[in-house]
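K.L.:
let me see the structure of the following:
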Amino acid sequence: MLTVQALESGYGAMQVLWHPELEIEKGSITSLLGPNGAGKSTLLETILGSVRPWGGQVLYENRDITFLSSHRKVEMGLALVPEGKHLFPNMTVYENLLMGAYLKKAYEHREESLDIVYTLFPRLKERSRQMAGLLSGGEQQMTTIGRALMTKPRLMMLDEPSQGLAPKLAAEVFETIEKLKSDIGLTILLVEQNADASLGAADYAYIMHEGKIKASGTPDEIKASREIREAFLGV
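P.N.:
Numbering: from 1, shown residues only. Now for the predicted structure:
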């Protein structure tokens, strides 16, 4: 569904991505693991186009989308849930969710999308009229994921969705990620510091370090490799 080939990007004169390559299968959960500063977030942002690629190629459903605008990529079915919550604290949960349905196609299906979000996150329906700034950390993360769902994506990229959450809430987030695949059929690219939880949810995993893909394999293969775990995951 998504292929990244020899991608390059960075900030100013500083290059961050050094030709990483990965393949995301339709209907799968793919984890991207690695230490802080490895370039994982930059990779997601470059795929979406919020960081402009310098070179390489991004193919989505066999179409070259490398240099398309972020807006166009969202229209085509890509969505990014960035690190941090990025909500409008003085707007209600309902209003924050509707902000995700700004595209014409998404707006036409907003009620259907809301039903999906409220089915996945019953607490958001209960708190639909509450100001987003008053939600718990877990509820804010649910709202952020829900807002991305309102764009009617086919491929969702999640950047550190369990960051700052208590273990119980983090576990709920990972359960939801698995439901996005099993119940809705979404394809997921997941960046996460919690290696065990990420591998537990994934069908396939890539290890990134210093802007390069250093290893890849099934979760069982990654877990079985002491060298990979010690060198790149610190476990």
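K.L.:
tell me which helix or strand the nearest residue to Tyr204 once chain neighbours are set aside sits in.
P.N.:
Nearest residue to Tyr204 in three dimensions, chain neighbours excluded: Thr30, at 5.1 Å (CB to CB, 6 or more residues apart in numbering). Placement of C-beta: from N, CA and C, glycine included. Under the criterion of DSSP states H and E, Thr30 resides in strand 29-33.
K.L.:
what's that strand packed up against?
P.N.:
strand 22-24, helix 40-48, helix 167-182, strand 187-191, helix 195-201, strand 204-209 (3 or more CB pairs under 8 Å, 6 or more residues apart in numbering; DSSP states H and E).
K.L.:
closest one to Arg154 among the ones you listed?
P.N.:
strand 187-191 (6.5 Å; CB to CB).
K.L.:
which strands border that closest one, and is each parallel or antiparallel?
P.N.:
Paired strands of strand 187-191, with direction, are strand 29-33 (parallel), strand 155-159 (parallel) (DSSP bridges).
K.L.:
those into TSV, with extra columns for distance to Val117 and mean pLDDT?
P.N.:
Shown next, in TSV, are those (distance: least, CB to CB, whole Å; pLDDT from 0 to 100):
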stretch	distance to Val117	mean pLDDT
strand 29-33	19	95
strand 155-159	13	95
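K.L.:
return the residues in contact with the spatially most central residue of the chain.
P.N.:
Central residue of the chain (CA atoms, centre = their mean): Leu158, 1.6 Å from the mean position. Counting by CB atoms under 8 Å, 6 or more residues apart in numbering, Leu158 touches 81, 145, 177, 188-192.
K.L.:
of the residues you listed, just say which sits nearest to Leu2.
P.N.:
Leu189 (7.2 Å).
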